[in-house]
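Participant: Fold the following for me, if possible:
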Amino acid sequence: MVVFWASSPVAPGETAVLVGSGLEGAAGVAVECLPDAAVGEPSDEDARIPSASAGIVEPAQVTERSVKFVLPEAGKPGLYTARVSGVLGKTGGRSLNEEIIA
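Facilitator: Below you'll find the predicted structure:
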């Protein structure tokens, strides 16, 4: 699974779309709001790997090239990381809302 694009901006309660390749086996999306930190850009590791405490969201729609899911309403606006989990254990991830950070 490879994810190369994510809809943005997206707020809690709204539908997010991840676009890539090999996504037809998506079983869930691990979603986490990254903590506020010092000014700068998140590392690739921070932006693409949710922690063990990330919530798992059921996809609303899955195709070979996209996964749609609703960002949990309980969250707050900000930078999120989303990682698609497949039935074979393969994953692909992407950060959401990168360009809204000033």
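
Participant: Can you get me the centre-to-centre distance for the helix or strand containing residue 85 and its chain?
Facilitator: Using DSSP states H and E, residue 85 sits within strand 80-86. Counting by Cα atoms, centre = their mean, to the nearest Å, strand 80-86 is centred 4 Å from the centre of its parent chain.

Participant: Tell me the helices and strands packed up against that strand.
Facilitator: strand 15-21, strand 26-33, helix 44-48, strand 91-96 (3 or more Cβ pairs under 8 Å, 6 or more residues apart in numbering; DSSP states H and E). The C-beta positions use only the backbone N, C-alpha and C, and glycine is treated the same way.

Participant: make it 10 Å
Facilitator: Strand 80-86 sits against strand 2-6, strand 15-21, strand 26-33, helix 44-48, strand 55-57, strand 66-70, strand 91-96, with contacts defined as 3 or more Cβ pairs under 10 Å, 6 or more residues apart in numbering; DSSP states H and E.

Participant: buried residues in the last one?
Facilitator: Neighbour counts using 16 or more other Cβ atoms under 10 Å place 91, 92, 93, 94, 95, 96 of strand 91-96 among the buried residues.

Participant: again with the first one
Facilitator: When neighbours are counted by 16+ other Cβ under 10 Å, the buried residues of strand 2-6 are found to be 3, 6.

Participant: Residue 35 touches residue 80, doesn't it?
Facilitator: No. Between residue 35 and residue 80 there is no contact under Cβ atoms under 10 Å: 11.3 Å.

Participant: who has more neighbours, those two?
Facilitator: residue 80 (27 against 9; other Cβ atoms under 10 Å).

Participant: Show the low-confidence segments of this structure, by residue range.
Facilitator: 37-53, 87-90, 99-102 (pLDDT under 70).

Participant: hmm, try it at 80
Facilitator: Scanning the chain for pLDDT under 80 picks out 1, 35-54, 75, 86-94, 97-102.

Participant: Tell me which residues touch the spatially most central residue of the chain, please.
Facilitator: For the chain, the residue nearest the mean C-alpha position is residue 82 (1.8 Å; Cα atoms, centre = their mean). Neighbouring residues of residue 82 by Cβ atoms under 10 Å, 6 or more residues apart in numbering: 3, 6, 10, 16, 18, 29-32, 47-48, 50, 54, 57, 67, 69, 71, 92-96.
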